[in-house]
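J.: Pasting the sequence and the predicted coordinates here, then a few questions.
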Amino acid sequence: MKDKKNKAGLRLLNGPDADRWAVNCFLGGAMLYFVCALYSHTLLPQQNALQAPVQLLYLCAVVLLVGKILLFTRYTRPQLAAVVLIVGVWLASQWGHFAFSEEPLAVLVLLAAKDAPLHRVVRPYLAITAAGLAITAGLAVAGVLPMTIAGVDREGILRPAFGFYHPNTLAATVLGLFAAWLLLRFERLGWADWAVLLAAAVFVYKVPNSRMAALAMLAMLAAAALLKVWDRVLEYPAARLLCCLAPLLTALASLAAGTLYRQGASLWDKLNALSSDRLRLFHLAGQSYGITLLGKPLNDPEIYALDNLFLRVLYGYGVVLALVVVGLLTLLMLRCVRLRAKPETAVLLGMTLYAACEGAAASPSYNLALLLVIGCLCGVPDGQFALLSRPAADARGASGV
């Protein structure tokens, strides 16, 4: 069990092929997760299409990810005890049905990301998501899946969803591709890349008419441009502090907007219209549920899908979990800034803004940067910390790069 390469860590299975098995289990499980998650974002489940194959893929993903977590990952003794407990609770909660659900599988992906070569997951994510997007859109154009969703319109005009569950789901999928492309190509971005990324933001704004996703993409693009042009910007303490405070400031701004909103005031009405009625819902949620220690179930059908990650957690799960979410995002930003990980910093800034508009920012099927969280929580040293844009300095031999 004792790992000779890392005396502070324990791993249940060692040997000459253990590292290779760890990489293969993680990459295989993560890719199957991306396939299953993308399937769940489309209208295919509502038509009972491909459910048996997807269920099989889900079970395979569970086996690979649980194997990676329990057998091929190094932990300290307290970490090992915590992980065994978490996985045990997870298996007990799923026992007897093991029906595919994105959120439980996402938990396994995030846990399995510890010590994994995360830079090797970006290309498969791009390939799987782009292919899935093209197939789903093709089925919608062919009439197999609905092009639009009844009742989902903007000023009386139905918003195209191209076979996805909602136009904003289509936009979130494009946003995930956008962020992954930045992570993959940041050091080699050319004019063609900038043009394609800008075109993607315009597409999201014009076609599914998802303003908030487009805004997040433009923010991500602006942050990337600044980090490219001003090479030493992250050397300045003020810039690092502002990045680290972004999650807290965004959460406080969301709370303030909902608290101060006054229906009927011309300025607030204009801002509410620009935010697609989000400000009114933020205010309504605050009035209906208030801030409590452990939260209250969001049973109101109008508030149930509250499009703000911070406020949804605050009102639905309480101030304790809301502080945990903000703390995790801050910890993640702090590590990326400290490592001068410019692509990850740009992506996190854009996703933090997106979290104020959509809960999809909390899913690794859209937001690959969340894969970094487990390394932060486990206190992986900077030299061994795996990034999405480049391998960790001390992990190159193990990851085969």
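T.: Structure received.

J.: C-alpha only now, for contacts and for neighbours.
T.: Will do.

J.: Average pLDDT for stretch 318-337, rounded please.
T.: Per-residue pLDDT values over stretch 318-337 give a mean of 95.

J.: residues near the nearest residue to V35 once chain neighbours are set aside, how many?
T.: Residue nearest to V35 in three dimensions, not counting chain neighbours: I128, with 6.7 Å by C-alpha to C-alpha, 6 or more residues apart in numbering. I128 has 17 neighbours, counted by other C-alpha atoms under 10 Å.

J.: Figure out the helix or strand that I128 lives in.
T.: Element membership of I128 [criterion: DSSP states H and E] is helix 122-141.

J.: again, but for L215
T.: Take DSSP H and E as the rule and L215 turns out to sit in helix 211-229.

J.: buried ones in that helix?
T.: Of the residues in helix 211-229, those with enough neighbours to count as buried (16 or more other C-alpha atoms under 10 Å) are 211-221, 223-225, 227-228.

J.: The helix or strand just after it packs against which elements?
T.: Sequence order places helix 237-260 as the next helix or strand after helix 211-229, per DSSP H and E. Applying 3 or more C-alpha pairs under 8 Å, 6 or more residues apart in numbering; DSSP states H and E, one finds that helix 237-260 contacts helix 278-289, helix 309-317, helix 319-338, helix 342-355.

J.: Thought K68 was touching A22, still the case?
T.: Yes: using C-alpha atoms under 8 Å as the test, A22 is close enough to K68 to be in contact (5.6 Å).

J.: how close does L111 sit to L71?
T.: The spacing between L111 and L71, counted by C-alpha to C-alpha, to the nearest Å, is 13 Å.

J.: Same drill for these two, tell me which one is more crowded.
T.: Comparing L111 with L71 by neighbour count (other C-alpha under 10 Å), the higher total belongs to L111, at 24 against 18.

J.: residues contacting that one?
T.: The neighbourhood of L111, defined by C-alpha atoms under 8 Å, 6 or more residues apart in numbering, consists of I69, I374.

J.: and it, that's in a helix?
T.: Yes: residue state for L111 (DSSP: H, G, I helix; E, B strand; the rest coil) corresponds to a helix.

J.: Tell me the spacing between it and G15.
T.: Shown here: L111 relative to G15, a distance of 22 Å by C-alpha to C-alpha.

J.: cool, and Q263?
T.: Between Q263 and G15 the computed distance is 65 Å (C-alpha to C-alpha).

J.: Pick out whichever of these two has more residues nearby.
T.: Under the criterion of other C-alpha under 10 Å, the comparison of Q263 against G15 puts Q263 first, with 13 against 8.

J.: Low-confidence bits of the stretch 1-150 of the chain, can you list those?
T.: Applying pLDDT under 70 to the stretch 1-150 of the chain flags the ranges 1-8, 96-98, 150.

J.: Strands along that one, start to end?
T.: 148-154 (DSSP state E, counting those that start in this stretch).

J.: quick one, what contacts A225?
T.: For A225, no contacting residues are found, by C-alpha under 8 Å, 6+ apart.

J.: Extract the CA atoms of stretch 92-112 and return them as CSV.
T.: Coordinates of the C-alpha atoms in stretch 92-112 are reproduced here as CSV (Å, rounded to 0.1, in the frame of the first residue of the first chain):
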residue,chain,number,x,y,z
ALA,A,92,-25.4,3.1,-0.8
SER,A,93,-27.5,5.9,-2.3
GLN,A,94,-27.5,4.3,-5.7
TRP,A,95,-27.8,0.7,-4.7
GLY,A,96,-30.8,-1.1,-6.1
HIS,A,97,-31.4,1.1,-9.2
PHE,A,98,-28.2,2.7,-10.5
ALA,A,99,-30.2,4.7,-13.0
PHE,A,100,-28.2,7.3,-14.9
SER,A,101,-28.2,10.7,-13.4
GLU,A,102,-25.7,13.4,-14.3
GLU,A,103,-25.1,14.9,-10.8
PRO,A,104,-24.0,11.6,-9.0
LEU,A,105,-21.7,10.7,-11.8
ALA,A,106,-20.2,14.2,-11.8
VAL,A,107,-19.3,13.7,-8.1
LEU,A,108,-17.2,10.6,-9.1
VAL,A,109,-15.5,12.4,-11.9
LEU,A,110,-14.5,15.2,-9.6
LEU,A,111,-13.1,12.8,-7.0
ALA,A,112,-11.3,10.8,-9.6
